[in-house]
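> The following comprises the amino acid sequence and a computationally predicted model.
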Amino acid sequence: MYDRIIEKELFEQILDNPAVALVGPRQVGKTTLVKNLQKSFEKPSIYLDLESNADLARLQDAELYLDERRGSMIILDEIQRMPSLFPLMRSLIDRQREPGRFLLLGSASPDLLKNSSETLAGRISYLELHPLQFDEVRGKITYSMHWLRGGYPAMLQAASDKSSFRKMSDFINTYIERDLPLLGLPGNPNNVRLLLNMLVSVHGGLLNVSQLANSLKMTVPTVQTYLDYLENAFLVRRLLPWHVNVSKRLVKTPKIYIRDSGMLHSLAGIANSEDLAGNIILGNSWEGYVIQQIIANLPFDVRPYFYRTQDGAELDLILIKGTSVKVAIEIKYTNSPVLSRGNSVAQQDLENPLLLIVTPSAEDFNLRENATVCSIATVADHLKNLL
């Protein structure tokens, strides 16, 4: 069991809200985390797994069961299985409004937890648990293993790269054939697999839905629907462009990433470090890996974007707080990075924020004025001071 960075914020939100939802993809460690923290909660707690027939039986008269246990914090795992509970929780909270009534664990984003945003508005706080971050395993696992295998605990801690690759393949199959249909994804699971395989080739690139639809012989609305479900299940990320500067001819198309590097590598048939080193997606894989590590650790009031103009000025990631650019980030798979003219122009466009150049393992140093080279191991420390 690794210590999770989110623990402190989880306790804070439980002490401040009647309901807290901890969301994230399946097998990311939500249940393990909460069960390990149960003894530390101020209230006694009752854990119910909504995938368990025995626990579902307890909720046959859900109002009576939950009301009689109003002195305890009720933990409801896989809450997306019973969205009908949200109106009941709203009613129970309004009768006795106090912090820590409900802790909900879910494998879908708030957009897919139907009714929750409406019926629990003002009563619930959402937190996302990402796959294990490098900062959470640093000192026990190298960045290269973490990058290859990704952050899902079972895959990361597998006995070998071969075992990790097999576990991830099985995980992807289960997600496609069972979990996504249960979340409401319509259509043939084979089409979802084809789309995921296609996303490997455009990972880190601008998203062209029409091109994907043509390649897959699907309609644009179908592909858009699939992408929405994949994003709401925390499997892919659409990174939006920053385009406040109206004087520039800016790219307004999002970039697409498969969130977990281990999932990306499995879909690409990359089973070990040698496979990765010789693969065409090496650079884009590194970019997506670093972006995931940074975004997973951002404060709630900082938003990530990328910056690109049609004239070639670009930066891989910029972090926005309020309406100002707090820091710009360029990601290079080399320990001897060189900035392009487009990187420098983009930094000037954004009024010259500090530029961090993230490398695999270089010692930190100033590349030039207002541009600092750092490693994947030290980037989080830099960001803590800047955000």
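Perfect, thanks for sending it.

> I'd say residue 317 and residue 329 touch.
Yes. Between residue 317 and residue 329 there is a contact at 4.1 Å, judged by CB atoms under 8 Å. Just so you know, the C-beta spots here come from the backbone N, C-alpha and C atoms, and that holds for glycine as well.

> hey, what's in contact with both of those two?
residue 294 (CB atoms under 8 Å, 6 or more residues apart in numbering).

> helix, strand or coil for residue 329?
Assigned state for residue 329: strand (three-state reduction, DSSP: H, G, I helix; E, B strand; the rest coil).

> how close does it sit to residue 151?
According to CB to CB, to the nearest Å, residue 329 and residue 151 sit 19 Å apart.

> more neighbours, those two?
residue 151 (28 against 24; other CB atoms under 10 Å).

> State the number of residues packed around the closest residue in space to the more buried one that isn't next to it in sequence.
Residue nearest to residue 151 in three dimensions, not counting chain neighbours: residue 131, with 2.8 Å by CB to CB, 6 or more residues apart in numbering. Counted by other CB under 10 Å, the residues lying close to residue 131 total 26.

> residues touching residue 131, list them.
Counted by CB under 8 Å, 6+ apart, residue 131 has contacts 24-25, 28, 150-153, 259-260, 292, 296.

> now it: how far from residue 381?
Counting by CB to CB, the gap from residue 131 to residue 381 is 21 Å.

> Residue 369 now?
Taking CB to CB, one finds residue 369 at 21 Å from residue 381.

> which of the two has more neighbours?
residue 381 (12 against 7).

> roughly how far is the helix or strand hosting that one from the heart of the chain?
Assigned by DSSP states H and E, residue 381 falls within helix 379-386. From the chain centre to the centre of helix 379-386 is a distance of 19 Å (CA atoms, centre = their mean, to the nearest Å).

> With only the CA atoms kept, save that helix in PDB.
In PDB, the C-alpha atoms belonging to helix 379-386 read as follows (Å, rounded to 0.1, in the frame of the first residue of the first chain):
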ATOM      1  CA  VAL A 379       9.100  18.800 -11.600                       C
ATOM      2  CA  ALA A 380       6.500  18.500  -8.800                       C
ATOM      3  CA  ASP A 381       8.800  20.400  -6.400                       C
ATOM      4  CA  HIS A 382       9.100  23.200  -8.900                       C
ATOM      5  CA  LEU A 383       5.400  23.400  -9.400                       C
ATOM      6  CA  LYS A 384       4.600  23.500  -5.700                       C
ATOM      7  CA  ASN A 385       6.600  26.700  -5.400                       C
ATOM      8  CA  LEU A 386       5.000  28.200  -8.500                       C
END
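
> any residues touching it, and which ones?
135, 290, 293-294, 297-298, 319, 326-327, 329, 354, 356, 358, 372, 374.

> can you give me the strands in the protein?
Assigned by DSSP state E, the chain shows strands spanning 19-23, 45-49, 73-77, 102-106, 124-128, 236-239, 255-258, 302-308, 314-321, 324-331, 355-359, 365-368, 371-375.

> Please dump these into TSV; it should also carry mean pLDDT and distance to residue 212 for every row.
TSV is the format used below for those (pLDDT from 0 to 100; distance: least, CB to CB, whole Å):
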stretch	mean pLDDT	distance to residue 212
strand 19-23	95	26
strand 45-49	96	37
strand 73-77	96	34
strand 102-106	95	28
strand 124-128	93	26
strand 236-239	97	12
strand 255-258	98	9
strand 302-308	96	19
strand 314-321	96	22
strand 324-331	96	24
strand 355-359	97	29
strand 365-368	94	37
strand 371-375	97	34
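
> Can you tell me which of those is nearest to residue 5?
strand 124-128 (11.1 Å; CB to CB).

> what angle sits between the closest one and strand 102-106?
Strand 124-128 runs at 40 degrees relative to strand 102-106, counting by axes from the mean of the first three to the mean of the last three CA atoms, to 10 degrees.

> which helices and strands sit right next to strand 124-128?
Packing partners of strand 124-128 (3 or more CB pairs under 8 Å, 6 or more residues apart in numbering; DSSP states H and E): helix 7-14, strand 19-23.

> one step back: show me which of the contacts of residue 131 is closest to residue 336.
Distances from residue 336 to those, taken by CB to CB, are shortest for residue 292, at 24.0 Å.

> Check whether the closest one really touches residue 259, as I assumed.
Yes. Using CB under 8 Å, residue 292 is in contact with residue 259, at 5.7 Å.

> what sits in contact with each of the two?
131, 237.

> contacting residues around residue 347?
Neighbours of residue 347 in contact, by CB under 8 Å, 6+ apart: 315, 328, 353, 355, 370-371.

> one more time with 7 Å
Contacts for residue 347 were tallied using CB atoms under 7 Å, 6 or more residues apart in numbering; they are 328, 355.

> Begin at 24, not 1, for the rest of this chat.
OK, 24 is where the count begins now, so the last one is residue 370.

> what's the spacing between it and residue 162?
In terms of CB to CB, residue 370 sits 33 Å off from residue 162.

> Now for the contacts of helix 402-409: which two are most distant?
Those two in the contacts of helix 402-409 that are separated most widely, counting by CB to CB, are 158 and 377, at 20.1 Å.

> Show the contacting residues for the nearest residue to residue 379 once chain neighbours are set aside.
Distances taken as CB to CB, 6+ apart place residue 352 nearest to residue 379, at 5.0 Å, with adjacent residues excluded. Contacts for residue 352 (CB under 7 Å, 6+ apart) come out as 317, 338-341, 379, 381.
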